[in-house]
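S.K.: Below are the sequence and a predicted model for it; my questions follow.
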Amino acid sequence: MNPATIRPAIYARVSSDQQAQENTIASQVEALKQRVREDGLDLEDSLCFIDEGHSGAVLIRPALERLRDQAAARLIDRLYVHSPDRLARKFAYQILLLDEFRHCGVAVVFLNHAIGDTPEEQLLLQVQGIIAEYEGAKILERSRRGKMHAARDGSVSVFARGQYGYRYISKRESNGDARFEIIPSEARIVRAIFEWYAKDNYTLSQICEQLESEGVPRRSGKMGWDSTTVWDILKDTAYKGEALYGKTRVGEYTPRLRRAHGQPEHPRRPRSIASTPTGSQIPVAVPAIVSSELFEAVQEKLSDNRARRRRREPGVRSLLQGLTVCGKCRYAYVGKIQNKTSQSGERSAYGYYFCTGTDRFRWGGERICDNVPVRMERLDVAVWEDVAALLGDPERIRREYERQTSHAPKVEPRRFQEIAKEVQRVKRGISRMLDLYQEGDIEKAEFEPRYARARQRLMELESKLAEQKGQIARQEGLGEILCNFVQYANQVRDGLDLADWKTRREIIRTLVKRVEFREGDIHVVYRVGEPPMASAAEEPVLHDCLPRRRSSR
């Protein structure tokens, strides 16, 4: 192939945010660009795909997604990657991506390993991938066991940072053993919190208010304390001289009902963090800030409060827990149970959902949202009625889809074919232009603007082509989506009237993507097309299906 017609691309990746901040990816990128220049190719900036701070154990990475889209559109001829583990950490993912690029006509070049076509060379690559995955798992296990051994020996180096009140001094800084050093100003606040709670009978909220009134900032330097932060301080055994190692563990990723505010749909690292049993936690001696007697007095009072149910028990307490979102600030709407005592002395409980943006303790003493709370039973009933109505009339999905697409331009097969032919014509023109420039028939001053216009034209055409492909895929996938939803509706429809609280919650979790609330109006967004009703449709979610606006007052 003529080098002038080869369109190269590069892909680089680093796993951690620290590596991204330290710019360690720059060495990868420079080595890749150098290899491209040595091969006599010109690299466009738009074909540099870089994932900074993304784990190689997942396939869903922003730059990798764009790279695969470009490869599928036949806009890349050769891909340069530093090593197979930069492409993916798991062997199965490496083979999947290499096969995908091969089918798309993309030649993959690894800087530290040449890929051959013989069975022996392919076998060698696969064996190397398996060994690399095994070595990674072995390193993690050795690191875990090494840290556990160091913790049992009383080494503070197993901790990455100190709690509020402590400064962590690393081995490098101390020229010896790592240690915790007490920060006097923060230690004074810690002692005050313990004394306020144990001796002065302050509640957690009153402690927060006292800290606010004294102008005490948090470790981050920002104002605004909340009850959870104070609770964590009161429960932390490090303040009596025993820091616990191994309080949490990293496990398989557990998908959320909905993504957190400001977070991507797919996390950079596929993992979830869970608490460990008390028996598996290892105490490490550190300087004490409060006495053991004061600490135990606080724990006794916390246990007494928990026994009297003064603190909310963990677990699912509301029907829509994890699904409600504020329609104004997009932060979560959370449920809260309140106890009420009448004038006759009778106690009753009621619940409501409120926006976390209205909680001034979270935002430095000021609210960032003015959305109103809503009674729990009213919102629960409204959403359940909407879900039951949808299950009773699956054709609503088809009507909603038709409503959304009624204003969209219709996809004409003839127009689609014309755009596809125009894309191929522009690509051939670009290829001929590159050949003429390589042979010296076109000067650089004339070539660059013509090439830029052609590339711009190609991007516009490809965007139109992708849009029409998406419309065609949605139209073709609608029938299968509707069929799967009808099957699911038939399975659960008969018992809707007699469904208990747990059954209703499971059905809502299955069907509802999120519930938006804005000043009395409810907007239910369904996850139609996703499991368990799912098929392999290109656009599985009918967004805003079905929007239902209903006053909860």
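M.R.: Perfect, I can see it now.
S.K.: so residue 334 sits in a strand?
M.R.: Yes - under DSSP: H, G, I helix; E, B strand; the rest coil, residue 334 sits within a strand.
S.K.: Could you count how many residues lie near it?
M.R.: Other residues near residue 334 come to 16 when the count uses other Cβ atoms under 10 Å. All C-beta atoms are positioned from the backbone trio N, CA, C, and that covers glycine.
S.K.: and the residue nearest to it when sequence neighbours are not counted, how far is that from residue 164?
M.R.: With Cβ to Cβ, 6 or more residues apart in numbering as the measure, residue 356 is the residue that lies nearest to residue 334, at 6.0 Å, once sequence neighbours are left out. Summarising the geometry, the distance separating residue 356 from residue 164, computed by Cβ to Cβ, to the nearest Å, is 22 Å.
S.K.: what's the following helix or strand after the strand or helix carrying residue 509?
M.R.: Secondary structure from DSSP states H and E places residue 509 in helix 501-511. On the C-terminal side of helix 501-511, the closest following helix or strand by DSSP H and E is strand 512-518.
S.K.: contacts for that following strand?
M.R.: When contacts are taken as Cβ atoms under 8 Å, 6 or more residues apart in numbering, the neighbours of strand 512-518 outside the stretch itself are 258, 320, 323-328, 333, 353, 371, 374, 379, 383, 387, 522-527, 541, 552.
S.K.: change it to 7 Å
M.R.: 258, 320, 323-328, 333, 353, 371, 374, 379, 383, 387, 522-527, 541 (Cβ atoms under 7 Å, 6 or more residues apart in numbering).
S.K.: Look at residue 31 and report its pLDDT.
M.R.: Here the pLDDT value assigned to residue 31 is 90.
S.K.: Make sure it is actually in contact with residue 82.
M.R.: Yes - if you go by Cβ atoms under 7 Å, residue 31 and residue 82 touch, sitting 6.4 Å apart.
S.K.: between the two, what contacts are shared?
M.R.: Here residue 31 and residue 82 share the contacting residues residue 111, scored by Cβ under 7 Å, 6+ apart.
S.K.: Looking at those two, which one has more neighbours?
M.R.: More neighbours surround residue 82 than the other of residue 31 and residue 82, with 22 against 16 (other Cβ under 10 Å).
S.K.: how close does that one get to residue 50?
M.R.: 12 Å.
S.K.: which helices and strands sit right next to the helix holding residue 509?
M.R.: Counting contacts by 3 or more Cβ pairs under 7 Å, 6 or more residues apart in numbering; DSSP states H and E, helix 501-511 is packed against helix 376-392.
S.K.: Show me the contact partners of the helix it packs on.
M.R.: By Cβ under 7 Å, 6+ apart, helix 376-392 touches 318-320, 335, 351-353, 396, 489, 492-493, 496, 504, 507-508, 511-512, 515, 517, 522, 524, 526, 546, 548, 550, 552.
S.K.: Identify the residues contacting residue 152.
M.R.: Taking Cβ under 7 Å, 6+ apart as the criterion, residue 152 is in contact with residue 282.
S.K.: And it, what's its pLDDT?
M.R.: Predicted confidence (pLDDT) for residue 152: 84.
S.K.: cool, residue 191 as well?
M.R.: What the model reports as pLDDT for residue 191 is 93.
S.K.: What of residue 196?
M.R.: Note for residue 196: predicted pLDDT of 92.
S.K.: now the helices for the stretch 51-200 of the chain?
M.R.: 62-72, 84-87, 91-103, 119-152, 171-174, 184-198 (DSSP state H, counting those that start in this stretch).
S.K.: In three-state terms, label residue 428 for me.
M.R.: Of the three states, residue 428 takes helix according to three-state DSSP.
S.K.: Neighbours of it, how many?
M.R.: 10.
S.K.: Also the one 5 residues further on?
M.R.: Number of residues near residue 433 (other Cβ under 10 Å) recorded here: 17.
S.K.: contacting residues for it?
M.R.: Contacts of residue 433 were listed using Cβ under 7 Å, 6+ apart, and they are 447, 450, 451, 454.
S.K.: How much space separates residue 281 from residue 206?
M.R.: For residue 281, the distance to residue 206 - Cβ to Cβ - is 30 Å.
S.K.: quick one, which of these two is more surrounded?
M.R.: Regarding residue 281 and residue 206, a neighbour count based on other Cβ under 10 Å identifies residue 281 as having more, with 18 against 15.
S.K.: what distance separates stretch 69-80 from the centre of its chain?
M.R.: Stretch 69-80 sits 27 Å away from the centroid of its parent chain (Cα atoms, centre = their mean, to the nearest Å).
S.K.: What average pLDDT does it get?
M.R.: 86.
S.K.: Quick check: the gap between the residue nearest to residue 334 and residue 373.
M.R.: The value you get for residue 356 to residue 373, if Cβ to Cβ is used, is 11 Å.
S.K.: now swap in residue 357 and tell me
M.R.: Note on residue 357: its distance to residue 373, by Cβ to Cβ, is 12 Å.
S.K.: before we move on, what about residue 27?
M.R.: Relative to residue 373, residue 27 is positioned 53 Å away (Cβ to Cβ).
S.K.: coming back round to it: among the contacts of strand 512-518, which lie within helices?
M.R.: Secondary structure defined by DSSP state H assigns 379, 383, 387 of the contacts of strand 512-518 to helices.
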